[in-house]
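Undergrad: below are the sequence and a predicted model for it; my questions follow.
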Amino acid sequence: MHYLWRGLQLLKSDVLVVGSGVGGATVARELAIRGRKITIVEKGRYHRLGTERRALRFYSRSFWSLYPGEKSVEGTELIRTIMVGGSSMVTLGNGVRALQEDLKRLGIDLEDEFKEAEKELGVAPLPERLMGERTKMLMKAAEELGYDMKPMPKFIDFSKCKSCGMCVLGCRYGAKWTSQKFIGEARRAGAKLITEASVDKVLYSRGEVKGVRVRSSSGISEIEAENVVLAAGGIGTPIILQRSGLNNAGSNLFADLFVNTYGIVKEGSMKDEIGMATIIEEFHKKYGFIISPILDTPLHMFLYLPFIKKMRAFKRHRTMGLMIKIADDDAGRVNIDGTIHKPVTENDRKKLNKGEEISREILLQAGVTPDSFYTTNVRSAHPGGTAGIGRILNSDQESEIKRLFVSDASVFPKAPGAPPVLTIVALSKTFSKKLVSEYL
């Protein structure tokens, strides 16, 4: 158990969970509803949702950066949030399965947990009535070229969805599932949430967990704990592990690199619509990427465009775009001081170029003008692999420090090259059940 004085309240828990994103929220919820006493420590806080100005506060960023995100030493842009709910708050609600066979080869069968997660999150293909004009034009163009573009499975309550296209700002209508829902369920089951508190390192003695060191506005404190689950994400988790003496953590960083390729039609005025409403998966196995319709928000588009192209942000109503998301090489590293190395390898570049080639073909077929193409810088949004199962963790997701576990994308054995939320939920469910039956 661990004890923490906060005001006059003494918290007592069976498990301390670090992070309230998809992995942490799922573990906290699964354990709390099974009667375990849980405390969640979250570096960020709750934020108001729904506008671009508010959303800028969600993200980690470089000190001099005007836009959301950090940059690796090599210049690759990495996007991650620091808030209650983590990156689930800014996802596009995509509920696809990923890495199922890869994890099964490691002895982790997620079939039942995938089904359970799909039911609980309400995963279903996006209905045609919620597809916007851009999506329908791109779907038609893809089909004419012989490509199979399917509706994207989403964890969205379609009866609440307004098709505003602003999922990345946090859903103001409560239509999209986020891990804040699981945090709420965990708290109703008795879990405690501490916000704006950063875990520096895990404390241990004779190879067994003893607690964590926490930094907050009130100073540095130590929390005793017999079981700790790190779920601070593919970047945050390996930093904590390295500070705790596990120097082999942090390598093998992947990030599902992506670019958006855009083109402009001559006439028309298209309304905002749900992003990634459809998906072409057929290239994933052969080439290592998916393609899906996308349109950056007005502010994002203005900030990301190079100076000579910024006026194109004002042609957004005539712009169509496709995202190319690849399963990138795990050639990156997160260092103990927080610096990130994430090169775009030659193999990564080949995948991105092939995806861009096909995307331009589809966009041309959909009616964009040939001289209007532009492609964004390489970005990433799904960092992981930095505490991989089979390298840093055993199949129980336990580190060499007994009772120190990890449950987030950092445990993945390779890049999914696809939205990872559903896989993190399923994996965290499996882990939680094993934790209850074998450790608690």
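TA: All right, it came through fine.
Undergrad: let me see the ranges of the helices in the stretch 151-300 of the chain.
TA: 179-188, 233-243, 282-287, 298-304 (DSSP state H, counting those that start in this stretch).
Undergrad: ok, which of those comes nearest E361?
TA: helix 282-287 (12.3 Å; CB to CB). C-beta coordinates here come from the backbone N, C-alpha and C atoms, glycine included.
Undergrad: show me what the closest one is packed up against.
TA: With contacts taken as 3 or more CB pairs under 8 Å, 6 or more residues apart in numbering; DSSP states H and E, helix 282-287 sits against strand 289-293, helix 346-366.
Undergrad: let's see it at 10 Å
TA: strand 289-293, strand 319-326, helix 346-366 (3 or more CB pairs under 10 Å, 6 or more residues apart in numbering; DSSP states H and E).
Undergrad: how about low-confidence regions in the stretch 301-440 of the chain?
TA: Nowhere does the stretch 301-440 of the chain drop to pLDDT under 70.
Undergrad: what about the helices in it?
TA: So, for the stretch 301-440 of the chain - with DSSP H, counting those that start in this stretch - the helices run 346-366, 421-438.
Undergrad: repeat for the stretch 1-150 of the chain
TA: With DSSP H, counting those that start in this stretch as the criterion, the stretch 1-150 of the chain has helices spanning 22-32, 52-55, 100-105, 111-121, 133-144.
Undergrad: by how many degrees do the first one and helix 233-243 diverge?
TA: Put simply, helix 22-32 runs at 80 degrees to helix 233-243, going by axes from the mean of the first three to the mean of the last three CA atoms, to 10 degrees.
Undergrad: equivalent analysis for the longest one, please.
TA: Here helix 133-144 runs at an angle of 100 degrees relative to helix 233-243 (the same axes, to 10 degrees).
Undergrad: pull out the buried residues from helix 133-144.
TA: 134-139, 141-142 (16 or more other CB atoms under 10 Å).
Undergrad: could you do the first one as well?
TA: If you call a residue buried by 16+ other CB under 10 Å, then helix 22-32 has these buried ones: 22-32.
Undergrad: do the fourth one as well
TA: Neighbour counts over helix 111-121 (16+ other CB under 10 Å) mark 113-114, 117-118, 120-121 as buried.
Undergrad: mind putting those into TSV with pLDDT and distance to V15?
TA: Formatted as TSV, those follow (pLDDT from 0 to 100; distance: CB to CB, whole Å):
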residue	pLDDT	distance to V15
E113	98	19
F114	98	24
A117	98	20
E118	98	26
E120	98	21
L121	98	23
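Undergrad: now, which of those residues sits nearest E101?
TA: The closest of the buried residues of helix 111-121, once distances to E101 are taken by CB to CB, is F114, at 12.1 Å.
Undergrad: and the closest one, how far from A186?
TA: Distance, F114 to A186, using CB to CB, to the nearest Å: 21 Å.
Undergrad: D109 now?
TA: Taken as CB to CB, the span from D109 to A186 is 25 Å.
Undergrad: nearest residue to G132 other than its sequence neighbours?
TA: Leaving out its chain neighbours, the residue that sits closest to G132 by CB to CB, 6 or more residues apart in numbering is E273, at 2.5 Å.
Undergrad: the one you found contacts L92, doesn't it?
TA: No - under the criterion of CB atoms under 10 Å, E273 makes no contact with L92, lying 11.4 Å away.
Undergrad: find residues that contact each of those two.
TA: Overlap of the contact sets of E273 and L92 (by CB atoms under 10 Å, 6 or more residues apart in numbering) consists of G165.
Undergrad: for G275, grab the count of nearby residues.
TA: 25 (other CB atoms under 10 Å).
Undergrad: ok, it - contacts?
TA: Counting by CB under 10 Å, 6+ apart, G275 has contacts 91-94, 132, 134-135, 152, 165-168, 292-297, 321, 323.
Undergrad: tell me the pLDDT of it.
TA: pLDDT recorded at G275 is 95.
Undergrad: which phi and psi does it have?
TA: The phi/psi pair for G275 (degrees, to the nearest 10) reads phi -80, psi 150.
Undergrad: could you measure from it over to L56?
TA: 18 Å.
Undergrad: now do R61, the pLDDT please.
TA: 61.
Undergrad: equivalent analysis for D296, please.
TA: On the pLDDT scale, D296 gets 89.
Undergrad: who's in contact with it?
TA: D296 sits in contact with 168, 260, 262, 275, 302-305, 313, 316, 319, 321, 323, 376, where contact means CB under 10 Å, 6+ apart.
Undergrad: and those residues, which is closest to P343?
TA: Using CB to CB, the contacts of D296 come closest to P343 at T376, 17.9 Å.
Undergrad: how about that closest one, nearest residue that isn't a chain neighbour?
TA: Per CB to CB, 6+ apart, closest to T376 is N260, 4.7 Å.
Undergrad: list the beta-bridge partners for the one you found.
TA: On the basis of DSSP bridges, N260 is bridged to M323.
Undergrad: am I right that it is in contact with G321?
TA: Yes - between N260 and G321 a contact is recorded at 5.0 Å, counting by CB under 10 Å.
Undergrad: overlap in contacts, these two.
TA: Going by CB under 10 Å, 6+ apart, residues that sit against N260 and also against G321 are 292-296, 301, 359, 374-376.
Undergrad: these: which two are farthest apart?
TA: Among those, S292 and Y374 lie farthest apart (CB to CB), at 18.0 Å.
Undergrad: of these two, who's got more company?
TA: Higher neighbour count among S292 and Y374: S292, with 27 against 15, using other CB under 10 Å.
Undergrad: residue contacts, R188?
TA: Counting by CB under 10 Å, 6+ apart, R188 has contacts 29, 32-33.
Undergrad: ditto for G95
TA: 114, 117-118, 121-125, 152-156, 177, 419, 421-423, 425.
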